[in-house]
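Novice: Attaching a predicted model along with its sequence, questions to come.
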Amino acid sequence: MSLIQLDFHARTLAMDQSVYIILPEEKRDTEVPYFHAGRAPLRERHPVLYLLHGTSQDYSEWLRYTAVERYANERGIAVVMPSAQLSAYADMAHGEDFFTYITQELPTVVEHAFPLSNCREERFVCGLSMGGYGAAKIGLTLPHRYGAVGILSSCNLAYKRVLDKNPTRPDAMPGRLVDDRHLLCWGAGEGEAPVGTSHDLYALAQGALQAGGDLPALFHMVGTADRNLRSARHMRDFFRSLPGDPFHYTYFEAVLEDHTWACWDKWIQIFLDWLPVWL
């Protein structure tokens, strides 16, 4: 198993970025080196999970607070962990283009430098909290590129302002952070929400269905003690209402689990085991 910190200049963001990459042990006996300038044949490449952090976190959090390195190695899957600041994984209305960075520039860089699969059936995206929303947004915007999406302790953030009628309740996000996210990330003014836009997961799902073609499978979990439970159930009801279950939507409510790393350390293992059998 190899753990690599890649530091490079991200042209999309016009700033330097750091990324952690986990490469599992199983393919060390092949002739394909771990570090190379060319592209390895598809059959020599690792299935890859792009693993996203939550609000106020960065690329290091998954490694610091979970055993994801061991879990990935045991299952023979590579993991790429980038940073996206407080962007909600958007091309921000007033800020940097983190969506484009995560979905275009970053895969180009890491798939060129390391033996990572570029096949949708072996490319996945998952995240916690803000990163769970970001993973869903990425997978639903680019369904032809991702075989599965993991949404941990998260929901459709475009509806949070609509559903959370009482912003002063104890489990609500600080008002300044909510307001800044709506304005800076999505360009929504006071009292507005980006419902029906490219930041709305329901609109993205409907658009993907109308476009036809391959759709990612969705894995969604939330704890019953989590502040996002109500919004997660709203998202559950939307995807369960779609005729024919086109996204193979799988939903779990973890009894008494809260918005904590103990929860995510457990559920990232369950997600990895859930991933499609072609792994």
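Specialist: Ah, there it is.

Novice: In contact with residue 152, which residues?
Specialist: By CB atoms under 8 Å, 6 or more residues apart in numbering, the residues touching residue 152 are 126-129, 131-132, 221-222, 263-264, 267-268, 271. For every residue, glycine as well, the C-beta is placed using N, CA and C.

Novice: Read off the pLDDT value for the residue nearest to it when sequence neighbours are not counted.
Specialist: For residue 152, ignoring the flanking residues on the chain, the nearest one in space by CB to CB, 6 or more residues apart in numbering is residue 128 at 4.4 Å. You'll see residue 128 listed with a pLDDT of 98.

Novice: Please apply the same query to residue 171.
Specialist: We note a pLDDT of 46 for residue 171 in this prediction.

Novice: Pass me the low-pLDDT residue ranges in the protein, would you?
Specialist: Regions of the chain meeting the criterion pLDDT under 70 cover residues 26-43, 164-179, 277-279.

Novice: In it, what residue spans correspond to strands?
Specialist: 2-10, 15-23, 48-52, 78-81, 123-128, 148-152, 217-223, 250-254 (DSSP state E).

Novice: still on that earlier bit, surely the residue nearest to residue 152 meets residue 65?
Specialist: No - Residue 128 lies out of contact with residue 65 (CB atoms under 8 Å); the separation is 10.0 Å.

Novice: Give the residues shared as contacts by the two.
Specialist: Between them, residue 128 and residue 65 share these contacting residues under CB under 8 Å, 6+ apart: residue 264.

Novice: Which residue of these two possesses the greater neighbour count?
Specialist: The neighbour count for residue 128 versus residue 65, taken as other CB atoms under 10 Å, is higher for residue 128 (31 against 14).

Novice: The more buried one and residue 104, how far apart?
Specialist: Residue 128 sits 23 Å away from residue 104 when distances are taken as CB to CB, to the nearest Å.

Novice: Residue 85: which of the contacts of residue 152 is nearest?
Specialist: Of all those, the one with the least separation from residue 85 (CB to CB) is residue 131, at 11.8 Å.

Novice: quick one, phi psi at residue 225?
Specialist: Here the main-chain torsion angles of residue 225 (degrees, to the nearest 10) amount to phi -100, psi 10.

Novice: circling back to that earlier point, for residue 218, see how far away the residue nearest to residue 152 is.
Specialist: Residue 128 sits 15 Å away from residue 218 when distances are taken as CB to CB.

Novice: ok, now residue 143?
Specialist: Between residue 143 and residue 218 the distance, using CB to CB, works out to 11 Å.

Novice: Next: residue 245.
Specialist: 10 Å.

Novice: and what of residue 233?
Specialist: Between residue 233 and residue 218 the computed distance is 15 Å (CB to CB).

Novice: Of those two, give the one with the bigger neighbour count.
Specialist: The neighbour comparison of residue 233 against residue 218 (other CB under 10 Å) goes to residue 218, with 24 against 15.

Novice: What is the burial count for residue 55?
Specialist: 16.

Novice: do the same with residue 182
Specialist: 24.

Novice: contacting residues for it?
Specialist: 161, 188-189, 192-194.

Novice: give me that answer again for 7 Å
Specialist: Taking CB atoms under 7 Å, 6 or more residues apart in numbering as the contact definition, residue 182 lies against 161, 188, 192.
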